[in-house]
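Visitor: sequence first, predicted model second:
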2 protein chains.
Amino acid sequence: MRTLKISPIPSNSRVNRYVHQDVLVTGEPINLSLKSLLSASTVLVELKMTGELTLRKSNSEIPLPQKKSLSPEDLSAPLILQANTYSEKLNDRTLDISLLDGEDRIIATYNLSFTVLQICLDVDADRDGVVEENNPHKADWKAGKNGYGAILLVNSDLDVDSSYRESNYEDSRLNGLLDIRDCSLMVVRQVGPKDLPSGCELIIWVSPKNSNYVRIFDELDSGSHELVGPGRKEGRLRKRDTYKDLFLAAEGLHYRDRNFDGEIFVNLSLVKDDETLYTDRVRFEVAPWIMTPNTLSPKTVYILRTSSGSNRDLIEDLRQVVGEANVQLEVVPPLPYRSDRWMQDEIEIGYSESPGHFMYVVLDSPRDRGLDDFAEEELLGTDFGHVTRLNKDATTLDSFGNLEVSPPVTFNGVNYPFGRILFGGDHPNAPQYSMKMAKTVRDFLYGQKIQSPVELFSDWLDVGHIDEFMTFVPVKTGKGFKLIMANTDKYYEVLRTLENQDQGNLRLRSRQGKITVSELLKDEELKQDNARFQTYINWNRDILKKELGLTEEDIIDLPGLYQAAGNKKRAETFSPNMVNMLVLNQHLAIPKPFGPKIKGECQLELFVRKSLEWLGFTCHFIDDWEPYFLGRGEIHCGTNARRKPFSQKWWEV
Amino acid sequence: MRTLKISPIPSNSRVNRYVHQDVLVTGEPINLSLKSLLSASTVLVELKMTGELTLRKSNSEIPLPQKKSLSPEDLSAPLILQANTYSEKLNDRTLDISLLDGEDRIIATYNLSFTVLQICLDVDADRDGVVEENNPHKADWKAGKNGYGAILLVNSDLDVDSSYRESNYEDSRLNGLLDIRDCSLMVVRQVGPKDLPSGCELIIWVSPKNSNYVRIFDELDSGSHELVGPGRKEGRLRKRDTYKDLFLAAEGLHYRDRNFDGEIFVNLSLVKDDETLYTDRVRFEVAPWIMTPNTLSPKTVYILRTSSGSNRDLIEDLRQVVGEANVQLEVVPPLPYRSDRWMQDEIEIGYSESPGHFMYVVLDSPRDRGLDDFAEEELLGTDFGHVTRLNKDATTLDSFGNLEVSPPVTFNGVNYPFGRILFGGDHPNAPQYSMKMAKTVRDFLYGQKIQSPVELFSDWLDVGHIDEFMTFVPVKTGKGFKLIMANTDKYYEVLRTLENQDQGNLRLRSRQGKITVSELLKDEELKQDNARFQTYINWNRDILKKELGLTEEDIIDLPGLYQAAGNKKRAETFSPNMVNMLVLNQHLAIPKPFGPKIKGECQLELFVRKSLEWLGFTCHFIDDWEPYFLGRGEIHCGTNARRKPFSQKWWEV
């Protein structure tokens, strides 16, 4: 509480009258200490107020009457002065203090007058998309349906047609009518008389650190003007705005990250002659970037058409599946993207939302190969934002085939209603597998908090992506999904069954060419390698079971076989890797495995169909041999999907 | 379903090949009748498709394979052709039809090719403030928490600093960044290849009637451009927008009214060479104007300072009360408003809202006296709209002291969660009281639907306002409010009690001067007049009990006395009319009645305090004799309040 200090009139002064003008803020009490004014001869202090002004003793809730005489003893503790309504004109509240001696003579008179201002900075703290008036929780945060606390979107989309393909937050202005929809509004409420008391100013300010994370714009009725932003931690409000509600727009500049937990405070201060008389404060929480698991319906599938035409047939096959699934297929031309076909690896499409605002946001991987500019050129646009994290020495683990998200799970009483982010890295007990995803990306992923990441072990794979051994598919029962994992034992099981049925001469296609079932079963080195690879898969399986709270019933094992690659430490796929599928609701676009056939029926396909069709899935086996498998990827690696957001809001959980 | 008609190749034609290009819309089947193509010699029809295209017999759900031979009999019923994914390039779906004779010779070939476009017009049909993709209910309406249907706000506020004080919907452009927040967004989804098939256009259109109620803007990224509006029922989309999501803004122009129930349909048509191939449609419901009852907390009280200074003391008294109630007082200067002090009568402050959008909206009465321009000059602004209904021959019943709203009520199983609008008019059985509120205003009030109005009888009063005999106050128990009514019997009861206590000589102030209790009780004419006036009050009492479902316990009768006015048919107040109070939460600013006093205590005030204090109210009796009572009004007539909106959303009930 501010203390108003009045200097006593010196006893040798020729005048016995002191005039003082001050400023109060509606509803804000100040301390008024009169003790120091008393002289030895004072026996009575007469107080007289005019205007809406209350004075009370600090130990009482009951206001004194407008006229009151007090004894010097009454003034040993300070008085509390308060006004609740803003002034109609300057100095329209007065308090006259007269000190009287034992003979009722006036020793000194103090004529105080006050101008009362309303100072209020408002946000949408109740999260209905509308800024309300002075929400008591406007500087707090509470998650949940009945929670509170304002939310700020990072304005990472691009709302104007521009050849300069950058997110809107890159510049220090609002870009057209659509741009303001990505901002959170603030309102500075009417503050009293049209003329502010002389020397008074209203300042909007944030901490130096926060000024890197938020821009605040003023003058929205005539374009926009940056009040606060990087390198500018405070700005003063225009004078002409101080007598009516003033609308400001706050624009988020930075997603949550390791060094930024998303909390931003914005302050409005009333400053008079460089003294801060009052500060009101609001809090924003920056909306997280949210990934969409396979259990959410896809809207658009992206695939690049290679310049060689190698995936022409696959695109048409995929188009049929996409059509059946009632999804759209967006075919990306090769030319601007150096025919880089690994659509999964360059980007991850998520979204971000605040009450009444929504945008898809593509996370652009530090991989930065041919498709590097795809996100900026084709996706970035109105309500489609873009964010990237860089790594000059990007490795294959930085590709986003190595980044997935589980469906919603509950484990050990902890609810993850948006699932958990999964990405692959090293193995703590195997120093030969020490590669990790770029720290910048990991920091970003952990920073979002809402989908608390789990790090898996993918460095045992030469390409090193978790989508080479796992995926999720939506089912209507139980937890709402099944985890599908590649399993080398299952692969051998299929082959052994065939050999037992005297079908050892059946041929299948592998990376090295055609091979019979029996030949394959005889390859002891391959068997040992795969036993080793299976222990890595099992290690991941255990982590997934533990961190996602899964049981054996939640997991479906599909046949998969790997082979040692390069230096033999790591693995590559032996034949098309069916787990690397594209999941489109009940339609699964699965790499055609080219396994051994009986009566024209591939026995690997048969196994998969038996594993999945009873759950309602339609399995579409698509030949990706030439354009993807031989390049050491599959359909999932070559595609990407934009999916529906969660219907649940992140701030409600 | 559209039918694609193909003209058979004439039998005498030199060519036997027919080439046709057409346009399909994703997910939209068309009829394909091949029957007329068959000649007598046709024994087989070979069909061959490429691209994502399905063909099925009209009596089957199973698509035919990409290559299929049919017999002429198979073609007796039309085939159904459909594509679900939009084209990558023009004519990328083909259907070749070959007619063969008995010797497998080709009689004729029909080469059809199709370009598939996605045509989708989207709105925020699920009411979360965000436009979602192709909501199945986007052309419907259902109220309730799980309801659907988009909502349109009338853009009646003023978002730019302008000397031209008119609502934003008055002009045919969007006015700055804040203006677009009052619009409902629509999205036209990506429609296929960058080049539309030749002759194709996308048209946004509404019915001629609806074009008066909505404007639709395009080119939001570069300002705005009116596509549809009054006198312009359709507009074509820019060509360059047909290959990506296009954002449009819809602006409501007209509140619901007698001839407009608030329903607006907006259509998006794909037109090729003047033939409409497909139309998508969305529905908007115009948000109603909602009044705020006394049970909602006031935020600002408005009062005009008279140029004579007659209400100077009253304003200061009121400021104290307003301060105690934690409300703000806005004192309006007299000069621009010809010192018209009847603030209650010129305006009614309500509000209007849609998901994520809110504005206060002042209904400007047709009274149009000194304060006529107050609403436009002082209230109209950002998120403060303005609407008026005119009446060239306005009467005193058109003043909004004659317009109130009840708190939420339930009656006979019908729930009115926003209360019911109340206004005064004539008496059906008393032709001498035939005045009514202006039809334009009544039509507007009934048109809002949500607060289903009840017409009371106020023409028995010379000023003719229902606030002269009733008000509502908030209480914490029961229905959450009490109805307070003036009661002449209670007035006489107080006086008779005093006379019985030998206090008949006590004096009280009346419009005619001071008078003793006994003198007043002897005035038989006054008594008879008041008995008659009480029957009118009782008539209203019965209507209110019936229409609001009230019991006697919900009503508090306060002493009130009237006297015959002018031609003696009608009534004016005899002394300050306490029911004409300003209700500020638990603080009641009540006209000081100047009744008979015992030991300095006014016996009328005592009665009122006894009636109200036990309910938690603080009664503030304010002297309004000179500035208001003598002008035949009271505190309520001289003030107005902006109150908090209902927390419940109108579309959720």
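Guide: Yes, it's here. Note that this is a predicted model, so its numbers are computed, not measured.

Visitor: distance of residue A:359 relative to residue B:135?
Guide: Distance, residue A:359 to residue B:135, by CB to CB, to the nearest Å: 18 Å. Any C-beta I mention is one placed from the backbone N, CA and C, and that applies to glycine too.

Visitor: between these two, which one's more packed in?
Guide: Of the pair residue A:359 and residue B:135, residue A:359 is the one with more neighbours under other CB atoms under 10 Å in any protein chain shown, namely 25 against 18.

Visitor: distance check, the closest residue to residue A:66 other than its chain neighbours against residue B:618.
Guide: Leaving aside its sequence neighbours, residue A:66 sits nearest to residue A:49 (CB to CB, 6 or more residues apart in numbering or on different chains; 4.9 Å). Taking CB to CB as the criterion, residue A:49 is separated from residue B:618 by 20 Å.

Visitor: what about the residue nearest to residue A:66, which SS state?
Guide: Three-state call for residue A:49 (DSSP: H, G, I helix; E, B strand; the rest coil): strand.

Visitor: show me what contacts it?
Guide: A:55, A:66, A:67, A:93, A:94, A:95, A:96 (CB atoms under 8 Å, 6 or more residues apart in numbering or on different chains).

Visitor: give the burial count for the first one, as a bare number.
Guide: Close neighbours of residue A:55, defined as other CB under 10 Å, add up to 19.

Visitor: can you tell me how far it is from chain B?
Guide: 13 Å (CB to the nearest CB, to the nearest Å).

Visitor: correct me, but that residue touches residue A:48?
Guide: No - if you go by CB atoms under 8 Å, residue A:55 and residue A:48 don't touch, sitting 10.3 Å apart.

Visitor: what do these two both touch?
Guide: With CB under 8 Å, 6+ apart as the test, residue A:55 and residue A:48 both reach residue A:95.

Visitor: one step back: only whichever of the contacts of residue A:49 are buried, select them in ChimeraX.
Guide: Of the contacts of residue A:49, the buried ones can be selected in ChimeraX as follows, counting by 16 or more other CB atoms under 10 Å in any protein chain shown:
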select /A:55,93,95
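
Visitor: tell me which of the contacts of residue A:49 is nearest to residue B:563?
Guide: residue A:66 (36.3 Å; CB to CB).

Visitor: run through the residues that contact residue A:15.
Guide: When contacts are counted by CB under 8 Å, 6+ apart, residue A:15 touches residue A:9.

Visitor: could you do the one 10 residues further on as well?
Guide: Residue A:25 makes contacts with A:116, A:117, A:118, A:119, A:270, A:277, A:278, as judged by CB under 8 Å, 6+ apart.

Visitor: what of residue A:464?
Guide: Here residue A:464 is in contact with A:395, A:396, A:397, A:399, A:402, A:424, A:435, A:458, A:570 (CB under 8 Å, 6+ apart).

Visitor: closest to residue B:579 out of those?
Guide: The closest of the contacts of residue A:464 to residue B:579 turns out to be residue A:402 (CB to CB; 74.8 Å).

Visitor: hang on, isn't residue A:517 packed against residue A:506?
Guide: Yes - using CB under 8 Å, residue A:517 is in contact with residue A:506, at 5.1 Å.

Visitor: overlap in contacts, the two.
Guide: Counting by CB under 8 Å, 6+ apart, the common neighbours of residue A:517 and residue A:506 are A:498, A:596.

Visitor: if we can go back for a sec, between the contacts of residue A:464, which sits nearest residue B:245?
Guide: Lowest distance from residue B:245 to the contacts of residue A:464 (CB to CB) belongs to residue A:399, with 28.0 Å.

Visitor: now do the buried residues in the biggest helix by length in chain A.
Guide: Longest helix of chain A, by residue count under DSSP state H: helix A:524-548. For helix A:524-548, a neighbour-count test (16+ other CB under 10 Å) marks A:526, A:529-530, A:533-534, A:536-537, A:539-541, A:544-545, A:547-548 as buried.

Visitor: contacts with chain B among those residues, please.
Guide: Among these, not one lies near chain B by CB under 8 Å from any CB of the partner chain.

Visitor: closest to residue A:444 among these?
Guide: residue A:547 (19.5 Å).

Visitor: ok, the closest one - contacts?
Guide: Contacts for residue A:547 (CB under 8 Å, 6+ apart) come out as A:411, A:420, A:454.

Visitor: any idea how far residue A:457 is from the first one?
Guide: Translated: residue A:411. Taking CB to CB, one finds residue A:411 at 19 Å from residue A:457.

Visitor: before we move on, what SS does residue A:450 have?
Guide: On the three-state scheme (three-state DSSP), residue A:450 is labelled coil.

Visitor: count of neighbours near it?
Guide: Using other CB under 10 Å, residue A:450 has 20 other residues around it.

Visitor: would you mind confirming that it makes contact with residue A:418?
Guide: Yes - using CB under 8 Å, residue A:450 is in contact with residue A:418, at 5.5 Å.

Visitor: when residue A:411 and residue A:457 are compared, which one has more neighbours?
Guide: Using other CB under 10 Å, the more surrounded residue of residue A:411 and residue A:457 is residue A:457, with 22 against 14.
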